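Student: Next input, structure requested:
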Amino acid sequence: MTPEADGHEITVHEAIVRVTGLLDVVSRDLLGVQHAMDECVKGHHLAEDEAQSLQKLDSATQTVEALAAVLKNLTTHAGSGVASTIPLTDLHQGVSLGKVVRVLKGEPAPELVAHEHSGEVDLF
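Tutor: Below is the predicted model of the structure:
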């Protein structure tokens, strides 16, 4: 454990819980932004770059939500040591975003792979 700036220490579990809480807040904020954007663009034609930006917002929202779920799964299955293991199926339980599941399985992060499928979006 690493001491906090004020000399206190926290467990890895508590750190994960705190980060998960922050991700939950960001996820709710992003969903609110998406809702506001949906209302703003109703009946308007979007240029291709604007539509792609909205798709990126949707993807970011889904990714944050999926990562929060993964961290919750970690806290549920956390063992007592650094070498503790968790079945991958338990780790990505409730996560339907394919790119997050693939990274958890050890595949390359989507951002590092050539964008062969430009314009495609993972949807729930």
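Student: tell me the secondary structure for residue 85?
Tutor: Judged by DSSP: H, G, I helix; E, B strand; the rest coil, the three-state class of residue 85 is coil.
Student: Show me where the chain dips below the pLDDT cut-off.
Tutor: For the chain, applying pLDDT under 70 flags the ranges 1-7, 78-83, 110-124.
Student: where along it do the helices fall?
Tutor: For the chain, helices defined by DSSP state H occupy the ranges 12-41, 48-77, 88-91, 98-104.
Student: what would those helices look like in CSV with mean neighbour count?
Tutor: Heads up, the C-betas are built off the backbone N, CA and C, glycines and all. Converted to CSV, these look like this (neighbours: other C-beta atoms under 10 Å):
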stretch, mean neighbour count
helix 12-41, 14
helix 48-77, 17
helix 88-91, 13
helix 98-104, 17
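Student: Now for residue 69: which residues touch it?
Tutor: 93-95 (C-beta atoms under 8 Å, 6 or more residues apart in numbering).
Student: Kindly give a single ChimeraX line that selects the buried subset of those residues.
Tutor: To isolate the buried members of those in ChimeraX, using 16 or more other C-beta atoms under 10 Å:
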select :95
